[in-house]
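J.: here are the coordinates; sequence isn't available:
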């Protein structure tokens, strides 16, 4: 008997971050090449593009952003007119020096902006650069079974073991224990971590497909159109490579060869 196809949730992160990123993700979502999209709602491209994404068949979630751009809430803007870098946020979180009351207001403001843009509540919640798992922040996350949250405590390979271990150690494992106790984890494993420098994205993706558990799992990705020179997007070249792969017949062939289907 032929074993059933494994179900893959393929989630594109960072919609709303910039026009090239949003256009690339929208192209894939419209073509049914993604199952999920995570949205940055405090970035300039969100208000003008949200309605287009909401018309596609993919599931949409909030990509909580606390490291790029400016806050949406007045409370957090009074403390941080510009959001801190990821290293600074990690240090503040582990020193228990985060402005948690203002951050709660910011989470509420970003949830409200998502609803205003999409006309519905998010289907899931995760964090830009995995900030949602940091100490203090993970305790602010809504504990609603109807709002699955990305589990970052079990990050599977291939390769990049140090980066995967750092994600788990900076808060992923602690968040995982919390989500499992609450019963609202979105995934039991996470795949998709790499250095954004490797040019053989297809080779990496094939290995992630091979590592996908039999019951299925989640791979996150960062596709986008090539940005203008000097755009400031440090992973622009990687985004373009990912977009080209997911928009190609190679992607379909690799899913079929691995016995995997996109979850709907």
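T.: Cool, the structure landed. As the structure is a computational prediction, the values presented were derived from the model and not from experiment.
J.: Who are the contact partners of residue 173?
T.: Listed by Cβ atoms under 8 Å, 6 or more residues apart in numbering, the contact set of residue 173 reads residue 153. Glycine gets a C-beta too; all of them are placed from N, C-alpha and C.
J.: whoops, I mixed them up, residue 93
T.: 134-137, 171.
J.: let's see 10 Å
T.: 66, 100, 103, 131, 133-138, 170-171 (Cβ atoms under 10 Å, 6 or more residues apart in numbering).
J.: Selection in ChimeraX covering whichever of those are buried, please.
T.: Burial among the contacts of residue 93 is assessed by 16 or more other Cβ atoms under 10 Å; the matching ChimeraX selection reads:
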select :66,103,131,133,134,135,136,137,138,170,171
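J.: where along the chain do the helices fall?
T.: 19-30, 46-54, 74-79, 86-94, 100-118, 137-140, 161-167, 173-182, 201-211, 236-246, 249-258 (DSSP state H).
J.: average pLDDT for the third one?
T.: Regarding helix 74-79, the rounded mean pLDDT is 98.
J.: give me the low-pLDDT residue ranges for the protein?
T.: Within the chain, the segments meeting pLDDT under 70 span 1-3, 145, 228-231.
J.: What distance do you get for residue 203 to residue 96?
T.: Residue 203 is 41 Å from residue 96, where distance means Cβ to Cβ, to the nearest Å.
J.: Tabulate the helices of the chain (TSV), appending distance to residue 222.
T.: Shown next, in TSV, are the helices of the chain (distance: least, Cβ to Cβ, whole Å):
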stretch	distance to residue 222
helix 19-30	8
helix 46-54	16
helix 74-79	25
helix 86-94	15
helix 100-118	19
helix 137-140	21
helix 161-167	14
helix 173-182	21
helix 201-211	10
helix 236-246	5
helix 249-258	15
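J.: quick one: which of these is nearest residue 191?
T.: When the helices of the chain are compared by Cβ to Cβ, helix 201-211 sits nearest residue 191, at 4.4 Å.
J.: For the closest one, which helices and strands make contact with it?
T.: Contacts defined by 3 or more Cβ pairs under 10 Å, 6 or more residues apart in numbering; DSSP states H and E place helix 201-211 against strand 6-15, strand 190-191, strand 217-221, helix 236-246, helix 249-258, strand 260-262.
J.: between the fourth one and helix 201-211, how many degrees?
T.: Which is helix 236-246. 60 degrees (axes from the mean of the first three to the mean of the last three Cα atoms, to 10 degrees).
J.: How about helix 236-246, which residues are buried there?
T.: For helix 236-246, by 16+ other Cβ under 10 Å, it's 236, 238-246.
J.: for it, packing partners?
T.: Against helix 236-246 (3+ Cβ pairs under 10 Å, 6+ apart) you get strand 6-15, helix 19-30, helix 201-211, strand 217-221, helix 249-258.
J.: what angle sits between it and helix 19-30?
T.: Using the same axes, to 10 degrees: helix 236-246 against helix 19-30 is 20 degrees.
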